[in-house]
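Novice: I need the structure of the sequence given here:
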Amino acid sequence: MNPSGLRTLDPRPAGPKTLDPRLDGKHICICITGSVASVRAFDLARLLIKFGAKVTCVASSEALRFVAKESLEWATGNPVIDKITYKCEHLELAKCDAVVIAPASANTISKIALGIADTPVTLVAQSALTQTPAIIAPAMHRLLMNPIIKENLKKLEKLEKVTVIPSVKADGKEKLADVEEIADYAIRAVATKRLEGKRILIVGGAFREYIDDVRFISNGSSGRFSVALAKECFYQGADVTLVHGKTEVAAPKYVETMGIETTTELIGKIEEFAKGKCIILFPAALNDFSIVKKKDGKFDSTKRQPIELAPLPKAIKIAREANRTAKIIGFKAEVSSSVNAEKIKRLLENCDSLVWNDIGKHGFGSDETEIIIFAKSGKEIGKFAGMKDELAERIIDLVQ
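Specialist: Residues are numbered from 1 along each chain as shown. You can find the predicted model right below:
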């Protein structure tokens, strides 16, 4: 028995491998209500633990009709709180680092909004709302269209420490958000908000230039770095817009996105995108050339075809001219870690920092890479190798 009065189970000999210790030392309370989506609480708990968190589940009696108490205890290594005793467990849990109510039923949402505390879940929620970040992830069939439920959600959203995650609309129903997205909101809730209130533009992915109506010039960029950077900025409290070409990974729903196919189109719009942004990152694989004369239809593949290329304006230069106050971080993909000082100086003309991305070892599209970060002066300020998610954190830490 620990000093708080909450029973602790014996630790399991093996737990889920830590993905990224972002939640290391953090205590997350998952509150589970009556919904068939309750079964996903198991996966959510395991994912949060992979990020290093200690997890405690609080479940209503209706929730335990859908998910076994023993499964949740096994998943977390901690007892499930399904009733509040003389030990006042809700007071201790209200001091945790974040409360995640997932799934949140219409009934529970309305009770919390009205100040009712008649279940373990609503009692923990009422105790936590004024002192602990709370994340509410609704799940219901069509009740979310009910004006009363909508009004109750709006009431909760107005509270300083409450975040409501949009549900997923599918088959005419309001389904629970992906557990990965809920976990991201939990990370954001406990993170240091070094970018809070800042509007950030990220340009990423592979862009094309068409030589005929079918064929195009492009490169092997996967867009993984741009998505990793968008997530990192979100964690740190920023309002993120991702303008992207072709990507192999989808951006999370909480990131505003705009897909653009060609570098020429991007150049025509980058001035508009850059305005009003505090930070602009360019991990994009942009084309340096446009096709002077694109052929209508298709080239005859049995004949040699001359293709004339013309240099394109630099999008990063246009962004700088459109926004003189933004901090701009440029990226340069190379197949070598050998750095030319004059080239670095030239690349830094229109940006405040430069990330030299050495793809020689791992290639385009890999989850891993090696980077060197340069300050405006051309001085090297960091050299790192690892997963792109981890490197994104390094980049934001050094250049913000």
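Novice: next, the buried residues of stretch 107-117.
Specialist: By neighbour count on 16 or more other C-beta atoms under 10 Å, the buried set for stretch 107-117 is N107, T108, I109, S110, K111, I112, A113, A117. Every residue, glycine included, has its C-beta placed from N, CA and C.
Novice: ok, so of those residues, who is nearest T257?
Specialist: I109 (28.2 Å; C-beta to C-beta).
Novice: ok, that closest one touching L153?
Specialist: Yes. Using C-beta atoms under 8 Å, I109 is in contact with L153, at 6.1 Å.
Novice: T264 touches V292, doesn't it?
Specialist: No. Contact status for T264 versus V292: not in contact, 11.8 Å apart, counting by C-beta under 8 Å.
Novice: if we can go back for a sec, let's have the buried residues of stretch 107-117 in TSV, adding distance to K383, secondary structure and pLDDT.
Specialist: TSV is the format used below for the buried residues of stretch 107-117 (distance: C-beta to C-beta, whole Å; DSSP: H, G, I helix; E, B strand; the rest coil; pLDDT from 0 to 100):
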residue	distance to K383	secondary structure	pLDDT
N107	54	helix	93
T108	49	helix	94
I109	49	helix	95
S110	54	helix	95
K111	53	helix	96
I112	48	helix	96
A113	51	helix	95
A117	53	coil	93
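Novice: just give me the closest of those to A37.
Specialist: T108 (12.5 Å).
Novice: quick one: contacts for the closest residue to that closest one other than its chain neighbours?
Specialist: Closest residue to T108 in three dimensions, ignoring its sequence neighbours and counting by C-beta to C-beta, 6 or more residues apart in numbering: T33, at 4.4 Å. Applying C-beta atoms under 8 Å, 6 or more residues apart in numbering, we find T33 in contact with S60, E62, A63, I101, P103, A104, S105, N107, T108, V121.
Novice: now the helices: where do they sit in the protein?
Specialist: 41-50, 69-76, 89-93, 106-113, 120-128, 147-157, 179-190, 224-235, 263-274, 315-322, 341-347, 388-399 (DSSP state H).
Novice: now tabulate those in TSV and tack on distance to D296.
Specialist: Formatted as TSV, the helices of the chain follow (distance: least, C-beta to C-beta, whole Å):
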stretch	distance to D296
helix 41-50	50
helix 69-76	59
helix 89-93	66
helix 106-113	56
helix 120-128	62
helix 147-157	51
helix 179-190	43
helix 224-235	33
helix 263-274	17
helix 315-322	27
helix 341-347	37
helix 388-399	39
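Novice: gap between the most centrally placed residue in the chain and I202?
Specialist: For the chain, K231 is the residue whose C-alpha lies nearest the centre (C-alpha atoms, centre = their mean; 2.9 Å). As judged by C-beta to C-beta, to the nearest Å, K231 and I202 stand 10 Å apart.
Novice: cool, H27 as well?
Specialist: The value you get for H27 to I202, if C-beta to C-beta is used, is 32 Å.
Novice: so between those two, which is more surrounded?
Specialist: Applying other C-beta atoms under 10 Å to H27 and I202 shows that I202 carries more neighbours, namely 30 against 18.
Novice: out of the contacts of T33, who's the most crowded?
Specialist: Of all the contacts of T33, the highest neighbour tally under other C-beta under 10 Å goes to V121, namely 31 neighbours.
Novice: show me where the stretch 201-350 of the chain has strands.
Specialist: 209-210, 216-217, 239-244, 256-259, 279-282, 289-291, 309-311, 327-334 (DSSP state E, counting those that start in this stretch).
Novice: closest to K383 out of these?
Specialist: strand 327-334 (13.9 Å).
Novice: now do that closest one, average pLDDT.
Specialist: What strand 327-334 shows for mean pLDDT is 91.
Novice: use 6 as the first number from now on
Specialist: Shifting the count to begin at 6 puts that one at strand 332-339.
Novice: give me the buried positions along it.
Specialist: K332, I333, I334, G335, F336, K337, A338.
Novice: repeat that for stretch 366-376.
Specialist: Across stretch 366-376, burial judged by 16+ other C-beta under 10 Å covers F369, T374, E375, I376.
Novice: lovely, talk soon.
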